[in-house]
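Asker: prediction below, plus the sequence it came from.
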Amino acid sequence: MGQSDLDEQIEKLRNCELISEEEVRELCRKAREILIEESNVQRVNAPVTVCGDIHGQFYDLKELFKVGGDCPKTNYLFLGDFVDRGFYSVETFLLLLSLKVRYPDRITLIRGNHESRQITQVYGFYDECLRKYGSVNVWRHCCEIFDYMSLSAIVDDKIFCVHGGLSPAISSLDQVFITHMFICLRILPLNPDEIEGWGLSPRGAGYLFGGDIVAQFIHTNNLELIARAHQLVMEGYKLMFNNTIVTVWSAPNYCYRCGNVAAILKLDENLVREYKIFDAAPQEVRGLPAKKPAPDYFL
Amino acid sequence: MTSRKLNTSNQDDVIRGTDEDAVTSKLSAVNMGYIKDEYVKWFVRRPARRSPIINRGTYVRNIGLDTLIIKFLEIDDVKKQIVSLGAGSDTRYFHLKSLSRKFHKYFEIDFPEITAKKVLTIRKHKELSDLIGDDAKLGKDNTEIYASDYCLLSGDLRGFVQEMVPWMESNGFDRSIPTLFLSECVMIYMDSNDSNKIVEWAASNLITSMFIVYEQILPNDVFGSTMLQNLRLRNIELRGIHAYPDLESQKERFLSRGWIHAEAVDINKVHDSYIDPKELARISRLEFLDEFEEWHLLAAHYCIAWAYKVTDESQKLLYNKVQFYDYKNVTH
């Protein structure tokens, strides 16, 4: 696969058109070669724009690029959850992955809890692959790539970026925490909460971590900020614990139902932060697929 | 009932379509193990698997309503009536009957297009017709069923007082028997002028009566306005939502119309406080639900409201028991 082929694919995917199963296979092979070299705490240089969950909302991802600038002009760090829920997980993930293959130093993709074989079978990506390709091969290729994705990134040694949050298994970035992080990412969402220490979510939704844990982690690792995604925030982003941790949410009108705005976090070369807020793509642009019913409610 | 008009406007067709949506969701929750119901499968044309958030919501709706309904049925020993407004393909009668619950009469009212389908399904499945009993008779071009404790009537709820009430009475409705009115996402589709007449009538013409409503609230925040917009894309108009947009006005709807006690809670409250933690643990194991923020938003936009009216003051104590058990305020 040459660069011009790749550019052609990117152009197709930018128009929300599918590429062939064979092209997906080749793309994933290339991506694997790149991702296998990345660390589980991938180092990233500023300036970079940090983005939260996308969840297959392809036309809203295009809005994101409008607000943040196109890749590779702008460097991007995506905090996972590219797939599931929205109508265009396939196009969304393949576009980001082909950008990764084309501009490996310009875009970093880390893994979210939806980048998993189990969860994609419940939340839509599996069904979407089957519907759009008539087989689950594309889903298989993508799932294999999920396994190669980094679990976290660190921008200029100062801003630690992860999909969900901290896990009881890690206190320092030097530790080998792959297994634990992996399990936590897959099964248990990690959410900051107004508690002390670690807690189990009362609703069985995973771990909670408190401000003291964040403070300790920041101190131990000499950080300025933890950036994470994973939780819907109606205002697009939310700072907690004296601005030491921020949730960035990049899926506007999440699930075409929640009415929220989205945000991205722009870090300049001096790590000065700027939050950019954006809305969902207008109805006429995103045109719901004819076959897919409108979002579910209780009727 | 000859004067009953068959309104076939587009809006009405769409509202009838919501029945299919609801029963499909219910089957999804049954198939995933959230709720038990042997009968709903026969009412679904195209089964579909719903997302975990919808399954959970269907579960809470169902268990919430069932809890109140069963408590109502258990008050002293008298047989009672239920009037299920816009019952659609609801299988609650069959489910309760299979649990040996007894009724004086269980009325279901819906558009004839819907009741005709229901009659067909019931006739097709012996398990259903057996529960209704041998003495069931059909009427009105096979859109109605009259049986000893079950009565399926076709009609338009906009003519409830003038047209449906006399017809119910000729089919065994008894104003002296404690009666429960159920509206599960039904009155929300009606102009409040029309639904108010039902609420008023039920308070002022019966000795003992109870009302349970499950419907949407909070139309004015971003989630709510997005909900109205999305439903409008499907041509569904929640005509009643602005008249009773929150829990307070849901209660007022009853208290200002002759009901002596009314309560309203949103689905978050039912989920977080009124469901046995063991049950919550069980359903959490059925499917992985990770997006609690979205769940909270969705659940905040649905409520269960209930009200009662008794003529005899001493009955108040009994009817106060039609209430949720608060697991949150209990130390185990």
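Answerer: That came through, no problem. Numbers count the residues shown, from 1 in each chain, chains lettered A, B, ... in the order given.
Asker: end to end, how far does stretch A:243-251 reach?
Answerer: This stretch, stretch A:243-251, spans 22 Å end to end (CA to CA, to the nearest Å).
Asker: roughly how far is it from the heart of the chain?
Answerer: Relative to its parent chain, stretch A:243-251 has a centroid offset of 12 Å by CA atoms, centre = their mean, to the nearest Å.
Asker: neighbouring contacts of that stretch?
Answerer: Here stretch A:243-251 makes contact (CB atoms under 8 Å, 6 or more residues apart in numbering or on different chains) with A:50-55, A:57, A:60, A:64, A:79, A:85-86, A:165, A:192, A:211, A:214-215, A:218, A:225-233, A:236-240, A:260, A:262-265, A:275. Just so you know, the C-beta spots here come from the backbone N, C-alpha and C atoms, and that holds for glycine as well.
Asker: of these, which are in range of chain B?
Answerer: Applying CB under 8 Å from any CB of the partner chain to those, one finds that A:231-233, A:260 fall near chain B.
Asker: from those, pick the one nearest residue A:139.
Answerer: residue A:232 (25.1 Å; CB to CB).
Asker: can I assume the closest one is in contact with residue A:254?
Answerer: Yes: with contact defined as CB atoms under 8 Å, residue A:232 counts as touching residue A:254 (5.5 Å).
Asker: overlap in contacts of these two?
Answerer: Common neighbours of residue A:232 and residue A:254 (CB under 8 Å, 6+ apart) are A:53, A:260, B:294.
Asker: check which helix or strand the nearest residue to residue A:14 once chain neighbours are set aside maps to.
Answerer: With sequence-adjacent residues excluded and distances taken as CB to CB, 6 or more residues apart in numbering or on different chains, residue A:14 is closest to residue A:95, at 6.5 Å. Assigned by DSSP states H and E, residue A:95 belongs to helix A:89-102.
Asker: pairing partners for the next helix or strand after that helix, with directions?
Answerer: Per DSSP H and E, the first helix or strand lying C-terminal to helix A:89-102 is strand A:107-109. Within its sheet, and counting by DSSP bridges, strand A:107-109 is paired with strand A:76-78 (parallel).
Asker: mind listing residues that contact the partner strand?
Answerer: So strand A:76-78 is contacted by A:44, A:48-51, A:54, A:68, A:96, A:99, A:106-110, A:153, A:155, A:161 (CB under 8 Å, 6+ apart).
Asker: and the buried ones among those, selectable in ChimeraX?
Answerer: Buried subset of the contacts of strand A:76-78, written as a ChimeraX selection, criterion 16 or more other CB atoms under 10 Å in any protein chain shown:
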select /A:44,48,49,50,51,54,68,96,99,107,108,109,110,153,155,161
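Asker: for the one residue in chain B that gets nearest to chain A, which non-adjacent residue is spatially closest?
Answerer: Closest contact between chain B and chain A, by CB to the nearest CB, is at residue B:222 (3.1 Å). Counting by CB to CB, 6+ apart, residue A:259 is the residue found nearest to residue B:222 once chain neighbours are left out, at 3.1 Å.
Asker: from memory residue A:237 sits against residue A:266, does it?
Answerer: No: counting by CB under 8 Å, residue A:237 does not reach residue A:266; the two are 11.4 Å apart.
Asker: overlap of the contact sets of these two?
Answerer: residue A:275.
Asker: which stretches of the stretch 1-150 of chain A form strands?
Answerer: A:41-44, A:48-51, A:76-78, A:107-109 (DSSP state E, counting those that start in this stretch).
Asker: let me have those in CSV, extended by distance to residue B:166 and mean pLDDT.
Answerer: Putting those into CSV (distance: least, CB to CB, whole Å; pLDDT from 0 to 100) gives the following:
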stretch, distance to residue B:166, mean pLDDT
strand A:41-44, 75, 93
strand A:48-51, 63, 98
strand A:76-78, 65, 98
strand A:107-109, 68, 98
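Asker: can you show me the strands along the stretch 51-200 of chain B?
Answerer: B:81-85, B:105-110, B:137-139, B:144-146, B:150-154, B:179-184.
Asker: now tabulate the ones you listed in a markdown table and tack on mean pLDDT and distance to chain A.
Answerer: Listed next are those as a markdown table, based on pLDDT from 0 to 100; distance: least, CB to the nearest CB, whole Å:
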| stretch | mean pLDDT | distance to chain A |
| --- | --- | --- |
| strand B:81-85 | 98 | 15 |
| strand B:105-110 | 98 | 14 |
| strand B:137-139 | 97 | 28 |
| strand B:144-146 | 98 | 24 |
| strand B:150-154 | 98 | 21 |
| strand B:179-184 | 98 | 9 |
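Asker: among the ones you listed, which is nearest residue B:31?
Answerer: Nearest of the strands of the stretch 51-200 of chain B to residue B:31, taken as CB to CB: strand B:179-184 at 20.1 Å.
Asker: any idea how far the residue of chain B closest to chain A is from residue A:144?
Answerer: 38 Å (CB to CB, to the nearest Å).
Asker: also residue A:197?
Answerer: 37 Å.
Asker: same question, residue B:232
Answerer: Residue B:232 sits 42 Å away from residue A:144, taking CB to CB as the criterion.
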